[in-house]
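A.B. asks: Predicted model follows, preceded by the sequence.
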Amino acid sequence: MNVAIHQIYFAEAQASALEPAFTPLPNLENPFPERREFHLFEQFYHNKSHALADLSGLVSHKFRQKTHLRGEDFIAWINANPGYDAYFINPFPHTVYWFFNLWEQGEKSHRGIMRLAQEVFDALGYPIQLKTFPRTDRQTTCFSNFWVATPQFWDEFMAFALPVYRYMLDESRAARFFQPTYHDSDAEIFPFIIERLFTTFIITRPGYKVLAFPHPPGWAKKTTKRLVPVIDVLDQIPWLKNSPLFRLGMGMLSNATYAKNRTRLFNRAQSTSP
């Protein structure tokens, strides 16, 4: 397979940290810093660059910092598992075991994100209700837009994501979506809605074959380590994983676990949090 992964960087000093297996994608002028990386997704798609390879993706210069994985190993894993429409790696797997889904996780960190995202989905006529959004597990949760996909997947994903992006950029409403939010550095709610669109898309389009990178044994520590085997088993029971009981249990767990670990995790992350 021809796998083309482009790595975005915003300053010359970041070039030394880029993955040799990825294609450098400079954004040194960075005309829209508040939009983070998605304006490059729009440009990449508009130029039809997504159609030049069997699989294409755009990742940030923090790929190895966040995933602890070499680019060549990510590509080798993709080539060893042919036949999927999209491949991804979630750099924050612990969130799957603390929250029922990534929107509820987002609400803990970025208060108001669910209300604002629901406004967008309602305005666009998307049949998505975030208060009852399904479970997102290890096989569907992706932060940081660390994904690659076929041209067809790109076409449908961008048809879904671009209206969301443009709705939030409209001058009459942009202030709501660019309000500051809690993070390890200055940030607005806007990019945290954007990064949840990939998972939202694959959950609502189950016809696509999507493969998640398997995290190595030993990645989970302390509290998460105790939760992993139990929740992994529950996630294999379709009628249970989306039940009100499981949602309630995960909600209680997230309240307790997040309150305990929030400060430690955000201090440790230092520009690597979702």
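C.D. replies: Received, thanks. Numbers count the residues shown, from 1 in each chain.
A.B. asks: What about Thr23, how many residues nearby?
C.D. replies: Per other Cβ atoms under 10 Å, the neighbour tally for Thr23 reads 12. Yep, even glycine has a C-beta here, placed from its N, CA and C like the rest.
A.B. asks: does the residue nearest to it when sequence neighbours are not counted belong to a helix or a strand, and which?
C.D. replies: Among residues not flanking Thr23 along the chain, His6 sits closest, at 4.8 Å (Cβ to Cβ, 6 or more residues apart in numbering). If you go by DSSP states H and E, His6 is part of strand 3-9.
A.B. asks: And for stretch 152-162, what's in contact with it?
C.D. replies: By Cβ atoms under 8 Å, 6 or more residues apart in numbering, the residues outside stretch 152-162 that reach it are 41-42, 45, 50-51, 56, 85-86, 126, 149, 194, 197-198, 201, 205, 208.
A.B. asks: hang on, Pro82 packs against Asn2?
C.D. replies: No: Pro82 lies out of contact with Asn2 (Cβ atoms under 8 Å); the separation is 11.8 Å.
A.B. asks: how far does stretch 204-218 stretch from start to finish?
C.D. replies: 31 Å (Cα to Cα, to the nearest Å).
A.B. asks: thinking again about what came up before, Throw together a PyMOL command that grabs the buried residues out of the contacts of stretch 152-162.
C.D. replies: Restricted to buried positions by 16 or more other Cβ atoms under 10 Å, the PyMOL selection for those reads:
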select buried, resi 41+42+45+50+56+85+86+126+149+194+197+198+201+208
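A.B. asks: Torsion angles phi and psi at the most far-flung residue of the chain relative to its centre?
C.D. replies: Computed with Cα atoms, centre = their mean, the residue of the chain farthest from its C-alpha average is Ser172, at 26.9 Å. Note on Ser172: its backbone torsions stand at phi -70, psi -20 [degrees, to the nearest 10].
A.B. asks: any idea how far Thr136 is from it?
C.D. replies: Between Ser172 and Thr136 the computed distance is 31 Å (Cβ to Cβ, to the nearest Å).
A.B. asks: got it, and Pro214?
C.D. replies: Distance, Pro214 to Thr136, by Cβ to Cβ: 17 Å.
A.B. asks: quick one, which of those two is more surrounded?
C.D. replies: Using other Cβ under 10 Å as the criterion, Pro214 and Thr136 rank with Thr136 on top: 25 against 11.
A.B. asks: quick one on the thing from earlier: give me the pLDDT value at the residue farthest from the centre of the chain.
C.D. replies: At Ser172, the pLDDT value in this model is 91.
A.B. asks: And Thr223, by the same measure?
C.D. replies: For Thr223, the pLDDT comes out at 68.
A.B. asks: and what of Pro33?
C.D. replies: Per-residue pLDDT puts Pro33 at 69.
A.B. asks: Also the one 4 residues further on?
C.D. replies: pLDDT, the model's per-residue confidence, is 87 for Glu37.
A.B. asks: quick one: it and Asn2, what's the gap?
C.D. replies: On the measure of Cβ to Cβ, Glu37 and Asn2 end up 23 Å apart.
A.B. asks: Neighbour count: those two, which is higher?
C.D. replies: More crowded of Glu37 and Asn2, by other Cβ under 10 Å: Glu37, with 20 against 9.
A.B. asks: burial count for Ile189?
C.D. replies: Neighbours of Ile189 under the rule other Cβ under 10 Å: 23.
A.B. asks: same check, this time on Trp98
C.D. replies: Look at Trp98: counted by other Cβ under 10 Å, it has 24 neighbours.
A.B. asks: Enumerate every residue touching Asn101.
C.D. replies: 133-136, 141.
A.B. asks: Grab the nearest non-local neighbour of it.
C.D. replies: Leaving aside its sequence neighbours, Asn101 sits nearest to Thr136 (Cβ to Cβ, 6+ apart; 4.1 Å).
A.B. asks: Helix or strand: which one has that neighbour?
C.D. replies: Assigned by DSSP H and E, Thr136 belongs to neither a helix nor a strand.
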